[in-house]
Each structure stands twice: as C-alpha cells, then as structure tokens.
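In: Provide a 3D model corresponding to the input given below.
(chains A and B)
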Amino acid sequence: DTEVTQTPKHLVMGMTNKKSLKCEQHMGHRAMYWYKQKAKKPPELMFVYSYEKLSINESVPSRFSPECPNSSLLNLHLHALQPEDSALYLCASSLVTGPNYGYTFGSGTRLTVV
Amino acid sequence: SQKIEQNSEALNIQEGKTATLTCNYTNYSPAYLQWYRQDPGRGPVFLLLIRENEKEKRKERLKVTFDTTLKQSLFHITASQPADSATYLCAQVGEGYNTDKLIFGTGTRLQVFP
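Out: Modelled structure (predicted):
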C-alpha cells in the first residue's frame, strides 16, 4: 500500500458545527503532516507529527485540533470554523521527518464553511 | 525570513519542447530541494529530490539541477507532452532546527499545447 487516504473528500459545515477529517497510511511512515491550501496558492504547513507526537504547530488557531491516535492515523478536529477556513486540507506522510525524504500526499478534503 | 520563489506563475510551451522551471531561495541555503507535481484538486506528488552535492539528478524525462552559488534550482521536462500540464512546486525544509517542516514555493503552472 503506497497511498495516503483522506476522508471525507468533500465537507460542508456550518460555523457552529464540529467535524473531523481523517487521514490513514499503511506505509510504515512515522511522520505525518497537515497542510492547508487555498486556491492558486502553495500548501501551507499546519501541524507535524513525529512518532505520534506533535512536533510543530504553525501557530494554527485552536479551532483546529490535531490528533494522532496511532502511527497509521491522523485526525484533524474542527470546531467553530470561519468561512475563511474554507480550503483544501491535505494530509501527508514521510518515512521520518527530515529533508531527504519525499512526502506522500493524500488527495485532500475540500472543506467549505458556510 | 526563509523564502522560496518560483519565477514564473505560468509557462506555456509547445508539445515536444523542453520546459524549464526555476526555483530561487533566499537567506538560507538548503542541503536538499524537492520537486512536486500537483494536478487541480489533488494532492502534490513527489517527483525528485536533489542534494546540494549532486548538482544534477535525472528521472526519465525529468532533470533537476542545483546551483548553491546562484541559490537556484532548475527543473527540466524534455520532450514535453500535454499530459505534463500541471502545477510544479519546489520545496525545501526549514532552516536551522526546523528540518521537520517542508516549505513550498509559489508554484509554476505549466501548460503544454499540442
């Protein structure tokens, strides 16, 4: 298995809702990442998990809450989002963190906040 | 602050020609650079990684060069095909102790016309 699987593919949520994005990989990768991408912009890093521990939080608002239950799963819990949070949310993984490993990305979750 | 720029927002070329994309970085000289391809609505796909002591790396019709003096990487697609049309992103890891984070350039949208 050489894929990162993200669910759901599309999500529409109201500003008072609570929802979660899910990411799964079975490549034995020990580093996992959440990125946010707006239209015609590059992906922007949100969180980095290394060996199931949060190693980087890029000053992301607390309405985004990451969780890494085990080495294969990564969740992003969403609560009280704003319309400007609408974007493509990408999960990625790599063997470990560091500059000499390419990332494997999922296809993303297209999030619309109404 | 760390910055990575791709000179052209868009590049249009004719099928069969060689496409050359440019990635420039400032301040900090990375030991590694990565290149990704991204199709609309999909996650980036890892293509190539080049180390600073490699100067040039090839994979099928792709070639990447790394010039630490110019602080520049060039990405070439030879014998380009319409199927090569996509956005191409260069990326480097954070400087200093921030090697857990991969930062993307602004991207170049390549269009190959038949």
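In: around chain A, which positions in chain B sit nearby?
Out: B:30-32, B:34, B:36, B:41-46, B:49, B:51, B:89, B:92-93, B:98-107 (C-beta under 8 Å from any C-beta of the partner chain). Backbone N, C-alpha and C define where each C-beta goes, glycine included.
In: repeat the analysis, applying 6 Å as the threshold.
Out: Contacts of chain B with chain A, taken as C-beta under 6 Å from any C-beta of the partner chain, map to B:32, B:34, B:42-44, B:46, B:49, B:89, B:93, B:99-101, B:104, B:106-107.
In: of those, which is the nearest to residue A:2?
Out: Checking those against residue A:2 by C-beta to C-beta gives residue B:46 as the nearest, at 11.1 Å.
In: so the closest one belongs to a strand, correct?
Out: Yes - under DSSP: H, G, I helix; E, B strand; the rest coil, residue B:46 falls within a strand.
In: which phi and psi values does the closest residue to it other than its chain neighbours adopt?
Out: Spatial nearest neighbour of residue B:46, chain neighbours left out: residue A:102 (3.4 Å); criterion: C-beta to C-beta, 6 or more residues apart in numbering or on different chains. Taking degrees, to the nearest 10, you get phi -70, psi 150 for the backbone angles of residue A:102.
In: direction included, what does the helix or strand where residue B:5 lies pair up with?
Out: Counting by DSSP states H and E, the element that carries residue B:5 is strand B:3-6. Strand B:3-6 pairs in its sheet with strand B:19-26 (antiparallel), by DSSP bridges.
In: for the strand it pairs with, give the mean pLDDT please.
Out: In this model, strand B:19-26 has an average pLDDT of 91.
In: name the residues of that strand that are buried.
Out: Neighbour-count burial for strand B:19-26 flags B:19-23, B:25 (criterion: 16 or more other C-beta atoms under 10 Å in any protein chain shown).
In: what parts of chain A come near chain B?
Out: Residues of chain A lying close to chain B (C-beta under 6 Å from any C-beta) are A:42-43, A:45, A:48, A:55-56, A:90, A:97-100, A:102-103, A:105-108.
In: in strands, which of those fall?
Out: A:45, A:48, A:55-56, A:90, A:105 (DSSP state E).
In: who's in contact with stretch B:48-63?
Out: A:102, B:31-35, B:64-66, B:68, B:76-79 (C-beta atoms under 6 Å, 6 or more residues apart in numbering or on different chains).
In: farthest-apart pair in these, please.
Out: Those two in the contacts of stretch B:48-63 that are separated most widely, counting by C-beta to C-beta, are B:31 and B:79, at 30.8 Å.
In: nearest residue to the middle of chain A?
Out: Nearest to the centroid of the C-alpha atoms of chain A, with distances taken as C-alpha atoms, centre = their mean, sits residue A:34, at 3.0 Å.
In: please compute how far stretch B:48-57 lies from its chain's middle.
Out: On the basis of C-alpha atoms, centre = their mean, to the nearest Å, stretch B:48-57 sits 12 Å off its chain's mean C-alpha point.
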